[in-house]
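*Asks:* Sequence below, structure please.
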Amino acid sequence: MSFPLEQVARALSARLEGDPSLTIAGASEPALCGPDDLALAMDPKYADGIPRGKAKVALLWEGADWQAMGLEAALFVNRPRLAMAHLSKLFDRGPEIVDGVHPSCVIDPTAEIGLGARIGPLTVIGARAKIGPRARIVGQATIAEDARIGADALIHSGVRIGARVVIGDRFIAQPGAVIGGDSFAFVTPEKSSVEKVRETLGEGDHVAEGEQHWTRIHTLGSVEIGDDVEVGSNATIDRGTIRATKVGRGTKIDNLVQIGHNVVVGEDCMLCSMVGVAGSTRIGNRVVLAGQVGVNDNIFIGDDVVAGGAAKIFTNVPAGRVILGYPAVKMTTHVETYKALRRLPKLIADVAALKKAVSNPGRND
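*Replies:* Take a look at the predicted model:
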């Protein structure tokens, strides 16, 4: 698979200088490039790799002297990472799935398969499920009864989509994602240890006495997902207890993310790897939760919040705030607190010296 350089330039919205008749068959780091590869050198620090490779064309930073680098052509873009997104889309072959439905699939006769859908081996599709046109299911996926999946979906191997889940167009699920599993909701006949801790904040040695038996609260809701959502490998989105768990349009969910029951996630959010969101929390639009962020249940996170890695969010967060730490606070406050913590040993030594001087006023050390 190769493309004329002019086509690559159009796909990247790039300015082309040099020979437009060259063809590009791939992209690589400058030092590892073959003669048909596009060298990715969008920053001057990568320039020294170009003469070590064999590239004829490079994606460069504005102002770079491509002719002095011995290149035959160059592409220039205003936003390199956006250009990378367009470039990767151009060269992404996607999974190989034969046309039609593989004979090993088990598809209920009441299920509806959209025009042009391709369904790989050992996939199971339940009663009354609806698969949109041009959907691609790699194989060994399970789509339960009454689930609805929109047009142009890409569902990788081992994905599990539960009953009554509703998913929009252009959905992508990476291997092992589970959407629509039961919620984790249990109750005890008497007040549980957790309830008592919430009331007492842990005061006292014994928060619960005697036996404690958990009774399941069955899951009656489902999951609703908007258009252009992506879910990473082994991520899980639980069904709502009564109402649906919701994920808004354009949101991207990384590997190993857990979204609890009744959670509402807004549009264009980004939830990075190992984020955990407890039940009934509401997350606004364009929120970014970096890796390993933990979110308490029954709280609200406003629009445009950014939470740094490993932040633990226990209370409501107003819109637009940048937070970090355990517990999560404004990032500026966290940085000041951390600086103060690093100064504690010296402060303790100074206090000890002052105490010594006060307790021995007659000495002049």
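*Asks:* Can you find the helix or strand in this protein with the smallest mean pLDDT?
*Replies:* Lowest by mean pLDDT, DSSP states H and E among the helices and strands of the chain is helix 193-200, with a mean of 82.
*Asks:* And that one, what's buried?
*Replies:* Of the residues in helix 193-200, K196 count as buried by neighbour count, 16 or more other C-beta atoms under 10 Å. All C-beta spots, glycine's among them, are computed from the backbone N, C-alpha and C.
*Asks:* Stretch 54-73 now?
*Replies:* Going by neighbour count (16+ other C-beta under 10 Å), the buried part of stretch 54-73 is 54-61, 64, 66, 69, 71, 73.
*Asks:* Redo those as a markdown table? Include pLDDT, secondary structure and distance to L341.
*Replies:* Below are the buried residues of stretch 54-73 laid out as a markdown table (pLDDT from 0 to 100; DSSP: H, G, I helix; E, B strand; the rest coil; distance: C-beta to C-beta, whole Å):
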| residue | pLDDT | secondary structure | distance to L341 |
| --- | --- | --- | --- |
| K54 | 95 | coil | 52 |
| A55 | 95 | coil | 49 |
| K56 | 96 | coil | 54 |
| V57 | 96 | strand | 51 |
| A58 | 96 | strand | 46 |
| L59 | 96 | strand | 44 |
| L60 | 94 | strand | 44 |
| W61 | 92 | coil | 40 |
| A64 | 92 | coil | 44 |
| W66 | 94 | coil | 50 |
| M69 | 94 | coil | 48 |
| L71 | 96 | coil | 51 |
| A73 | 96 | strand | 54 |
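*Asks:* Return the closest of the residues you listed with respect to V264.
*Replies:* L59 (39.8 Å; C-beta to C-beta).
*Asks:* ok, that closest one to S88 distance?
*Replies:* The gap separating L59 from S88 is 12 Å, by C-beta to C-beta, to the nearest Å.
*Asks:* Likewise for I143?
*Replies:* I143 sits 28 Å away from S88, going by C-beta to C-beta.
*Asks:* cool, and T123?
*Replies:* From T123 to S88 the distance is 27 Å (C-beta to C-beta).
*Asks:* In terms of packing, which of the two has more residues around it?
*Replies:* T123 (23 against 10; other C-beta atoms under 10 Å).
*Asks:* quick one: contacts for that one?
*Replies:* Counting by C-beta atoms under 8 Å, 6 or more residues apart in numbering, T123 touches 102, 105-107, 137, 139-143.
*Asks:* isn't C105 right up against I119?
*Replies:* Yes. With contact defined as C-beta atoms under 8 Å, C105 and I119 form a contacting pair (5.6 Å).
*Asks:* what sits in contact with each of those two?
*Replies:* Counting by C-beta under 8 Å, 6+ apart, the shared contacts of C105 and I119 are I125.
*Asks:* higher neighbour count, these two?
*Replies:* Neighbour count, other C-beta under 10 Å: between C105 and I119, I119 has more, with 25 against 19.
*Asks:* And L354, how close does it get to L347?
*Replies:* Applying C-beta to C-beta, the value for L354 to L347 is 11 Å.
*Asks:* er, F91 I mean
*Replies:* F91 sits at a distance of 57 Å from L347 (criterion: C-beta to C-beta).
*Asks:* Those two: which has the busier surroundings?
*Replies:* F91 (16 against 10).
*Asks:* G120 - nearest residue in space that isn't next to it in sequence?
*Replies:* Spatial nearest neighbour of G120, chain neighbours left out: G139 (3.1 Å); criterion: C-beta to C-beta, 6 or more residues apart in numbering.
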